[in-house]
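>>> compute the structure for the input listed below.
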Amino acid sequence: MSTRTRRSALVALTLVGGLVAAACNGSGEAANTEAPPPTTEQPPTTTESPATTRASTTTTEAPTTTTTAAPTTTTELIIQRMPLTGVPLEFGQTVPDRPALVVKIDNNPRARPQSGLNAADLVFEEIVEYGTRFAAVFHSGDANPVGPIRSGRTQDIDLLGGLQRPLFAWSGGNPGVTQAIADSDFVDLNPSGVPGGTYGRQGNNGSPHNYYSYTDKLFALANEEAGRPVPMFSYLDPGVLPAGGPGGFAEIQMDTDRVSWEYDPGSDAYWRSTNGDVHEDGNSGEQVNAANVVILETAYRPSYVDSHSPEAVTIGGGPAWVLSGGTVRAGSWLRNSREEGIGLFAEDGSVIELLPGRTWVELADPVDGPPAIS
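A predicted model of the protein is given here:
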């Protein structure tokens with residue numbers, strides 16, 4: 001059995017024991033939607049003071065004078081946002097009436113440059129048997145083509161449950177994974193069950209690194225079982241800058257790949273390199289980039305259907321590092337169930353909110369060591 005597959009959930013229990021209690025003191029609020037937002041619970045605080053919150057009642061017998069207290073009203077500006085990026089809607093713009101679409105994208109060196117990574121609202125990087133694979137989540141944008149597309153894993157079921165019955169595009173898998181995905185609440189877009197022409201081979205990378213589709217075709221397969229996505233994270237209001245210390249550069253070991261993110265003030269984004277090479281999006285030709293990079297330290301255990309396949313433990317909690325706007329905040333993540341978003345908490349227990357925009361999430365194994373951030 002490989003080193004990767006011998007990792008046990010004991011690491012996760014150790015991390016959660018020290019961090020979950022502190023994280024539960026956070027506060028914050030996600031958009032009002034049909035499912036639980038990111039975990040942001042905080043015990044209620046009492047702020048009432050007789051001197052400041054209770055106005056005394058005085059009767060004055062002066063027939064020519066009447067004193068009327070001015071009414072106190074609070075008007076709250078409700079910001080309408082794209083659910084998976086937190087980007088405010090412009091005048092006349094509406095949230096797309098469609099589910100989230102997850103596309104499992106190959107990250108083998110022969111699969112690069114992948115198509116569509118810069119069009120995804122969220123990208124999760126997961127460790128697999130050798131190297132990593134991406135779960136790219138589309139909702140507000142499209143990628144035509146998108147890929148190369150590879151197989152799913154059981155870890156996707158817990159990780160992506162908070163997207164509320166998303167479309168799940170993949171190339172298939174072994175019998176155990178195939179059954180697990182079929183039994184989940186995902187809308188399964190397994191090639192064996194969709195119309196011909198939905199997927200196809202293209203490009204010069206060679207099989208299996210040349211299997212593609214189009215988000216136009218994949219979204220068209222949505223049915224009444226598909227839900228509508230809700231926020232996975234909490235977001236800052238427009239114009240509010242993130243707090244934190246210097247965080248212009250982060251480097252992290254993701255199994256066989258050394259991944260780095262470097263902040264560019266001109267674009268207000270982090271730009272990705274892999275093993276020292278610029279990581280490009282094949283559709284745009286632009287370097288892969290994101291407004292936020294969230295590093296979650298998650299234990300890995302053997303999959304329950306394939307002992308050779310690692311499975312990230314994404315229900316529970318652990319250390320987290322959040323990079324936004326050239327800053328970093330270290331803290332913890334907390335998630336009580338697969339239907340929830342991901343709660344991010346600073347060391348003081350407050351909620352860490354992201355800048356509106358695309359977010360990359362690195363599911364880092366503690367065995368590979370903590371990120372280097374400067």
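
>>> hey, let's count contacts and neighbours off CA atoms from now on
Fine.

>>> wait, a helix at Gly176?
Yes - counting by DSSP: H, G, I helix; E, B strand; the rest coil, Gly176 is located in a helix.

>>> what's around the nearest residue to it once chain neighbours are set aside, how many residues?
Once flanking residues are discounted, Gly176 sits nearest to Val305: 5.2 Å by C-alpha to C-alpha, 6 or more residues apart in numbering. Val305 is flanked by 16 other residues according to other C-alpha atoms under 10 Å.

>>> repeat for Ser192
9.

>>> and what about it, helix, strand or coil?
For Ser192, the assignment made with three-state DSSP gives helix.

>>> read off the pLDDT value for it.
Listed pLDDT for Ser192 reads 95.

>>> I'd like the distance between it and Gln155.
21 Å (C-alpha to C-alpha, to the nearest Å).

>>> can you check Gly349 too?
Separation of Gly349 from Gln155 (C-alpha to C-alpha): 28 Å.

>>> same deal with Leu167?
Taking C-alpha to C-alpha, one finds Leu167 at 16 Å from Gln155.

>>> tell me which of those two has more neighbours.
With neighbours defined as other C-alpha under 10 Å, Leu167 and Gln155 compare such that Leu167 has more, 28 against 23.

>>> and after the lowest-mean-pLDDT helix or strand in the chain, which helix or strand comes next?
Among the helices and strands of the chain, helix 50-53 carries the lowest confidence by mean pLDDT, DSSP states H and E, at a mean of 33. Once helix 50-53 ends, the next helix or strand along the chain (criterion: DSSP states H and E) is strand 101-106.

>>> please name every helix or strand in contact with that following strand.
Applying 3 or more C-alpha pairs under 8 Å, 6 or more residues apart in numbering; DSSP states H and E, we find strand 101-106 packed against strand 132-138, strand 167-169.

>>> show the average pLDDT along the shortest one.
With pLDDT averaged residue by residue, strand 167-169 scores 98.

>>> just checking: what are the partner strands of it?
The pairing partners recorded for strand 167-169 under DSSP bridges are strand 101-106 (parallel), strand 187-189 (parallel).

>>> which residues touch that strand?
Counting by C-alpha atoms under 8 Å, 6 or more residues apart in numbering, strand 167-169 makes contact with 99-104, 149, 186-190, 218-219, 222, 226, all of which sit outside it.

>>> and if we set it to 10 Å?
With contacts defined as C-alpha atoms under 10 Å, 6 or more residues apart in numbering, strand 167-169 is touched by 98-105, 135-138, 149-152, 156, 160, 181, 185-191, 199, 213, 215, 218-219, 221-223, 225-227.

>>> from the residues you listed, list just the buried residues.
For the contacts of strand 167-169, a burial check counting by 16 or more other C-alpha atoms under 10 Å picks out 98-105, 135-138, 149-152, 156, 160, 181, 185-191, 199, 213, 215, 218-219, 221-222, 226-227.

>>> what is the neighbour count of Gly141?
Using other C-alpha under 10 Å: Gly141 sits among 13 other residues.

>>> isn't it up against Ala119?
Yes - using C-alpha atoms under 10 Å, Gly141 makes contact with Ala119 at a distance of 5.7 Å.

>>> what residues are shared contacts of these two?
Applying C-alpha under 10 Å, 6+ apart, one finds that no residue jointly contacts Gly141 and Ala119.

>>> tell me the buried residues in stretch 129-148?
For stretch 129-148, the neighbour count (16+ other C-alpha under 10 Å) marks 132-140, 142-143, 145-148 as buried.

>>> scratch that, stretch 160-180
Within stretch 160-180, the residues that qualify as buried are 160-172, 177-178, counting by 16+ other C-alpha under 10 Å.

>>> and that stretch, C-alpha only, in PDB?
Written as PDB, here are the backbone C-alpha positions of stretch 160-180 (Å, rounded to 0.1, in the frame of the first residue of the first chain):
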ATOM      1  CA  LEU A 160     -19.400  19.300  -3.500                       C
ATOM      2  CA  GLY A 161     -22.600  18.500  -1.700                       C
ATOM      3  CA  GLY A 162     -23.000  22.100  -0.700                       C
ATOM      4  CA  LEU A 163     -23.600  23.000  -4.300                       C
ATOM      5  CA  GLN A 164     -27.200  21.700  -4.000                       C
ATOM      6  CA  ARG A 165     -27.600  18.800  -6.500                       C
ATOM      7  CA  PRO A 166     -25.100  20.000  -9.100                       C
ATOM      8  CA  LEU A 167     -24.500  18.600 -12.600                       C
ATOM      9  CA  PHE A 168     -21.500  16.300 -12.400                       C
ATOM     10  CA  ALA A 169     -19.400  15.900 -15.600                       C
ATOM     11  CA  TRP A 170     -16.800  13.200 -15.600                       C
ATOM     12  CA  SER A 171     -15.300  10.500 -17.800                       C
ATOM     13  CA  GLY A 172     -16.600   7.600 -15.600                       C
ATOM     14  CA  GLY A 173     -14.800   5.500 -13.000                       C
ATOM     15  CA  ASN A 174     -14.400   2.100 -11.500                       C
ATOM     16  CA  PRO A 175     -17.500   0.200 -10.500                       C
ATOM     17  CA  GLY A 176     -17.400   1.400  -6.900                       C
ATOM     18  CA  VAL A 177     -17.000   5.000  -7.800                       C
ATOM     19  CA  THR A 178     -19.600   4.800 -10.500                       C
ATOM     20  CA  GLN A 179     -22.200   3.300  -8.100                       C
ATOM     21  CA  ALA A 180     -21.300   5.900  -5.400                       C
END
